[in-house]
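Peer 1: I'd like to go over a predicted model; first the sequence, then the structure.
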Amino acid sequence: SAVISQKPSRDICQRGTSLTIQCQVDSQVTMMFWYRQQPGQSLTLIATANQGSEATYESGFVIDKFPISRPNLTFSTLTVSNMSPEDSSIYLCSVSGGGNQPQHFGDGTRLSIL
Amino acid sequence: RKEVEQDPGPFNVPEGATVAFNCTYSNSASQSFFWYRQDCRKEPKLLMSVYSSGNEDGRFTAQLNRASQYISLLIRDSKLSDSATYLCVVKPGGSYIPTFGRGTSLIVHP
């Protein structure tokens, strides 16, 4: 399976600031996914990032709050904008081979907002 | 009804015990099924795929019942290191996007 690296692994931020999370994959992938996992909850898909087109956001998530870049087939970024304590969560980058292939995850970014 | 439902537990079992988790799904078009393991504040990691005929990987056995729309995970001879949350994951046919259950917490004690 692909090796997926996320940076930073954790951060503590002040409310109102923004943080950009980077995701690097060691092979070319068509689709990359960004998830959020709040404490005690399951994974929630934020958006699907395709190279060369705008990301597709799930219900409840908007581009102004979570802008995503996908400049090439091995890299993506997620920005969490104008952060509030409710954004404290683990953010996970993921790739999938599609079809009946499983999802694989980066090691996550643990974000705490003061 | 949630798309993928799991008993959140926790299941608290002694070392050496056998424990089983069930997961039900609502989308009859689901084609791919997986169990993931997630340690506290870590990313989910694929434990095993679930095949129609059932499959086994060491102490772990996964089964699928399409008629009743549930999958199961059986862990034999539990180890302390099996303590984790086990996520049931279901993917509709032709879709890149899976649906995750909330997970079942397992605590194996000495």
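Peer 2: That came through, no problem. Numbers count the residues shown, from 1 in each chain, chains lettered A, B, ... in the order given.
Peer 1: Now name the helix or strand holding the residue nearest the centre of chain A.
Peer 2: For chain A, the residue whose C-alpha lies nearest the mean C-alpha position (C-alpha atoms, centre = their mean) is A:Trp34; its distance is 3.2 Å. Using DSSP states H and E, A:Trp34 maps to strand A:31-37.
Peer 1: quick one: that strand near chain B?
Peer 2: Yes. Judged by C-beta under 8 Å from any C-beta of the partner chain, strand A:31-37 comes into contact with chain B through A:Met31, A:Phe33. For every residue, glycine as well, the C-beta is placed using N, CA and C.
Peer 1: Contact residues of chain A facing chain B?
Peer 2: So far as C-beta under 8 Å from any C-beta goes, chain A lies against chain B at A:1, A:31, A:33, A:41-43, A:45, A:48, A:90, A:92, A:96, A:98-108, A:110.
Peer 1: can you do 6 Å?
Peer 2: By the rule C-beta under 6 Å from any C-beta of the partner chain, the part of chain A lying against chain B is A:Met31, A:Ser42, A:Leu43, A:Leu92, A:Ser96, A:Gly98, A:Asn100, A:Pro102, A:Gln103, A:Phe105, A:Asp107, A:Gly108.
Peer 1: which of those are buried?
Peer 2: A:Met31, A:Ser42, A:Leu43, A:Leu92, A:Ser96, A:Pro102, A:Gln103, A:Phe105, A:Asp107, A:Gly108 (16 or more other C-beta atoms under 10 Å in any protein chain shown).
Peer 1: a markdown table please, covering those and showing secondary structure and pLDDT.
Peer 2: Converted to a markdown table, these look like this (DSSP: H, G, I helix; E, B strand; the rest coil; pLDDT from 0 to 100):
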| residue | secondary structure | pLDDT |
| --- | --- | --- |
| A:Met31 | strand | 88 |
| A:Ser42 | coil | 87 |
| A:Leu43 | coil | 92 |
| A:Leu92 | strand | 97 |
| A:Ser96 | strand | 85 |
| A:Pro102 | coil | 89 |
| A:Gln103 | strand | 90 |
| A:Phe105 | strand | 95 |
| A:Asp107 | coil | 94 |
| A:Gly108 | coil | 96 |
